[in-house]
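Visitor: predicted model and sequence follow; I will ask about them next.
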Amino acid sequence: MPYLELDNVSFGFGPVSNRYEVLKNASLQVARNEFVAVIGFSGSGKSTLISLLAGLEKPDSGEVRMAGKPIREPGPDKGIMFQNYSLLPWLSVYGNIELAVKQVFPEMAAGERRDYCRHYIAMVNLAGSEWKLPGELSGGMRQRLSLARTLAMKPEVLLLDEPLSALDALTRSVLQDEIIRIWEEDRRTVVMITNDVDEAVIMADRIVPLTTGPAAAFGQEFVVTLDRPRERATLNFNEEFKHLRNEVTKYLLRLNAKAKVLSSTSELPLPDLDPVIPGARMAMA
Ligand SMILES: Nc1ncnc2c1ncn2[C@@H]1O[C@H](COP(=O)(O)OP(=O)(O)OP(=O)(O)O)[C@@H](O)[C@H]1O
């Protein structure tokens, strides 16, 4: 049985009469402790997918399930990490983590909580910065803090919504390695949204493209069989890595080309308005 599942899910925004359909009949199955990367173009519905998996949105039809039960609301069993950090700016590194830990483990004794928070701060290499405010941290450090906070809540499922997209290439690769190192030590079920093919191949067990919207669904999936740990320095010379990267890229380009053809041949409904003629007086009813 899959651990996390989207079963024929459709979801849109707006009133029924004029609904913008983001996902249509989308189905995805994620095994327990699997690391799945969902890749897609901007606007295809990736963040919407994360909101559905987190229980922040409900499908119009179909069902989203975790461990066989419908997901009805957000909860600490589903940890989300957004690209914009969502940290509390008035709390220190330690304070941000402690607040989350207090919410999830209210019965934890003060001494144990201190050690627990420090453990996660050290895990993401932020020891020494624990009394700094988010505003005093670099973008990469904020992402680390956001990751530590999510992990400290011990969620069963990690939902990562383009967690590294705001970072420069170097910091991004350091954090990719860090997320993988932590995941390998303490495996969880992960769904990571990304728009970066290399990131998906380096990190994931499986890559699932989202077709271009509207009415997006999941396309052809790619299984990543590269051994772990994956050594970034040697991957560039690895034939399997290069082949997979090319295949995923080619597939995404085909999807994009198909979407362009469809949008150029589909008819656009125009509003039924009288043209405005410069200089003409408007008739008042
Ligand atoms: N609250 C909303 N109300 C109406 N439309 C929305 C809302 N949120 C998203 N959309 C629309 O739904 C579609 C999918 O949005 P979503 O944010 O899921 O895409 P995305 O793939 O995550 O995009 P990006 O990669 O640019 O962040 C877009 O066309 C967007 O305009």
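Guide: Received it, and whenever you're ready, just let me know what you need.

Visitor: can we go C-alpha only for contacts and neighbour counts from here?
Guide: Noted.

Visitor: which residues touch residue 248?
Guide: Counting by C-alpha atoms under 8 Å, 6 or more residues apart in numbering, residue 248 touches 197, 222.

Visitor: from residue 163, how far off is residue 199?
Guide: Noted for residue 199: a distance of 11 Å to residue 163, by C-alpha to C-alpha, to the nearest Å.

Visitor: and the two? Which one has more around it.
Guide: Per other C-alpha atoms under 10 Å, whichever of residue 199 and residue 163 has more neighbours is residue 163, with 24 against 18.

Visitor: just confirm the more buried one is within a helix.
Guide: No - read with DSSP: H, G, I helix; E, B strand; the rest coil, residue 163 is coil and lies in no helix.

Visitor: so which bits of the top helix by length along the chain are buried?
Guide: Across the chain, the longest stretch assigned as helix under DSSP state H is helix 239-265. Neighbour counts using 16 or more other C-alpha atoms under 10 Å place 241, 244-245, 248, 251-252, 255-256 of helix 239-265 among the buried residues.

Visitor: what of stretch 63-81?
Guide: Using 16+ other C-alpha under 10 Å as the burial criterion, the residues of stretch 63-81 that qualify are 63-66, 71-72, 74, 76, 78-81.

Visitor: show me where pLDDT drops low in the stretch 1-150 of the chain?
Guide: Under the criterion pLDDT under 70, the flagged ranges of the stretch 1-150 of the chain are 84-85.

Visitor: helices of that one, start to end?
Guide: 46-54, 93-104, 110-123, 139-152 (DSSP state H, counting those that start in this stretch).

Visitor: how close does the residue lying closest to residue 133 once chain neighbours are set aside get to the ligand?
Guide: Distance criterion C-alpha to C-alpha, 6 or more residues apart in numbering; nearest residue to residue 133, sequence neighbours excluded, is residue 92 at 4.3 Å. According to C-alpha to the nearest ligand atom, to the nearest Å, residue 92 and the ligand sit 28 Å apart.

Visitor: to what extent is residue 92 buried, counted in neighbours?
Guide: Neighbours of residue 92 using other C-alpha under 10 Å come to 19.

Visitor: show me what contacts residue 39?
Guide: 46, 193-197, 200, 207-210.

Visitor: swap in 10 Å and give it another go.
Guide: By C-alpha atoms under 10 Å, 6 or more residues apart in numbering, the contact list for residue 39 reads 46, 162, 192-197, 199-200, 207-211, 218-219, 248, 252.

Visitor: ok, residue 90 next?
Guide: Here residue 90 is in contact with 96, 132-135 (C-alpha under 10 Å, 6+ apart).

Visitor: sorry, back to before: which ones among the contacts of residue 39 are found in helices?
Guide: Filtering the contacts of residue 39 for helices - DSSP H - leaves 46, 197, 199-200, 248, 252.
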